[in-house]
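In: Need coordinates for the below:
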Amino acid sequence: MIEAGGSWADEWAFFRELEGWSAAGRHRDVLDALQRLPPPVREGRTRSALLAAEANGRLGNSGEAARWADLAGTLARSHGEAHAELRARNYRGAIALRHGDVAEAEAHFTAAIEMARALHDYTAEARGLNNLGILANIRGDPEAALANYRLAVVAYQQVGQVRGIAETYHNIGISLRDQGNPQGALGAAEEAVRLAAQAGDEQLLALASTGRAELHLLVGDPAFARAELQRAEERYTRIGFHAGLPEVWRVQAAVARATRDFATAVSTLERAAALATQFASTDTLADIERDLSLALTARGDVAGARAARERAAALYRRIGAVRAAERLSPA
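Out: Take a look at the predicted model:
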């Protein structure tokens, strides 16, 4: 524990340990440790604010993440800490994206990339490129997304950031899937899982495993997908990352739909929608509502399917996913 008047050596060692926990995905442990700090240390240090912003964001606490990211940016500017200000801007963009504020997110990401290049910060540049790729994919442009992801991989490789490379390969798999290349997508997903395991990040491993499960379902292997999703759900539950569960449940519902268990598919998607709403995960909620419309259609509930489809289209339009919304419109 650092006292308010503790030495810089003690403080440096403490924050260094917490940054190691953060890199390993131990975000709840990070928040618990920060909570035990004296308020002047917790709220007066850029490093503590950045750690709190990332930990809250990773755990799905978007409001707290935004508050700490804003504080981190203010502290960084007042202390002349350009690299820390850059990290805070990237966090702010990621939070805006999660809320569906795509214009704000894009502004933060673009400014962050410019700052990163000026500072020769390859990790931050890669993170910004990865985020722009996510935006491009949401907007229905997987080619542009892939171009950004490949640049991000190169930037991450320059600094040996395995976690970042794993996350980017997960995103590459999504874009290749959207291009209609399931085998290429599966190869990218396998690489994402391998690298996530190498990085030792349980949260990222659950994310990558969920993506791989959906691709195995797509190529006709629901049994593998079901087992993979069970492990991902258990992993998220064990580390307390409940914000990841709606996506797991969405894919579990897709397995149920593929095996003609439409009642389970509907109930699982309704549970996923409730939790995604709680965590303000707009893009995930849009996908859940889209899948719910399919499950209700298969069960013969025409009115319910239409309502879910309309909700999904409205959510897609909110985040700028115009093509996805158009695909839900009647022919």
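In: Which strands or helices does the strand or helix carrying residue 212 pack on?
Out: Assigned by DSSP states H and E, residue 212 belongs to helix 202-218. Where contact means 3 or more Cβ pairs under 8 Å, 6 or more residues apart in numbering; DSSP states H and E, helix 202-218 is packed against helix 162-178, helix 182-199, helix 222-239, helix 245-258. From N, CA and C alone the C-beta is placed, and that goes for glycine too.
In: Give the rounded mean pLDDT of that helix.
Out: Throughout helix 202-218, pLDDT has a mean value of 96.
In: now swap in stretch 233-248 and tell me
Out: Averaging pLDDT along stretch 233-248 yields 92.
In: And it, what's buried?
Out: 233, 235-236, 239, 241, 243-248 (16 or more other Cβ atoms under 10 Å).
In: do stretch 144-160 as well
Out: Residues of stretch 144-160 classed as buried under the neighbour-count rule (16+ other Cβ under 10 Å) are 144-149, 151-153, 155-156.
In: From the residues you listed, pick the one nearest residue 293.
Out: Top of the list for closeness to residue 293, among these and by Cβ to Cβ, is residue 145 at 24.8 Å.
In: quick one: which helix or strand includes that closest one?
Out: Secondary structure assignment for residue 145, by DSSP H and E: helix 142-159.
In: tell me which strands and helices that helix is in contact with?
Out: helix 122-138, helix 162-178.
In: mean pLDDT for those helices: which is lowest?
Out: helix 122-138 (a mean of 93).
In: what's the angle from that one to helix 142-159?
Out: Inter-element angle recorded for helix 122-138 and helix 142-159: 170 degrees (by axes from the mean of the first three to the mean of the last three Cα atoms, to 10 degrees).
In: what would the buried residues of stretch 233-248 look like in a markdown table with distance to residue 131?
Out: As requested, the buried residues of stretch 233-248 are exported to a markdown table (distance: Cβ to Cβ, whole Å):
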| residue | distance to residue 131 |
| --- | --- |
| 233 | 26 |
| 235 | 24 |
| 236 | 22 |
| 239 | 23 |
| 241 | 20 |
| 243 | 18 |
| 244 | 18 |
| 245 | 23 |
| 246 | 21 |
| 247 | 18 |
| 248 | 23 |
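In: low pLDDT regions in this structure?
Out: 1-9, 24-25, 280, 330-331 (pLDDT under 70).
In: cutoff 50 now
Out: In the predicted model of the chain, residues 4-6, 331 satisfy pLDDT under 50.
In: Show the contacting residues for the residue nearest to residue 154 when sequence neighbours are not counted.
Out: In space, and not counting its chain neighbours, residue 154 is closest to residue 126: 8.0 Å by Cβ to Cβ, 6 or more residues apart in numbering. Applying Cβ atoms under 8 Å, 6 or more residues apart in numbering to residue 126 gives the contacts 151-156, 159, 161, 164, 168.
In: now do 6 Å
Out: By Cβ atoms under 6 Å, 6 or more residues apart in numbering, the contact set of residue 126 is 152, 155-156, 164.
In: so how far is residue 145 from it?
Out: For residue 126, the distance to residue 145 (Cβ to Cβ, to the nearest Å) stands at 15 Å.
In: The residue lying closest to residue 176 once chain neighbours are set aside: neighbour count?
Out: Nearest non-adjacent residue to residue 176, counting by Cβ to Cβ, 6+ apart: residue 185, 3.8 Å away. Residue 185: 24 surrounding residues under other Cβ atoms under 10 Å.
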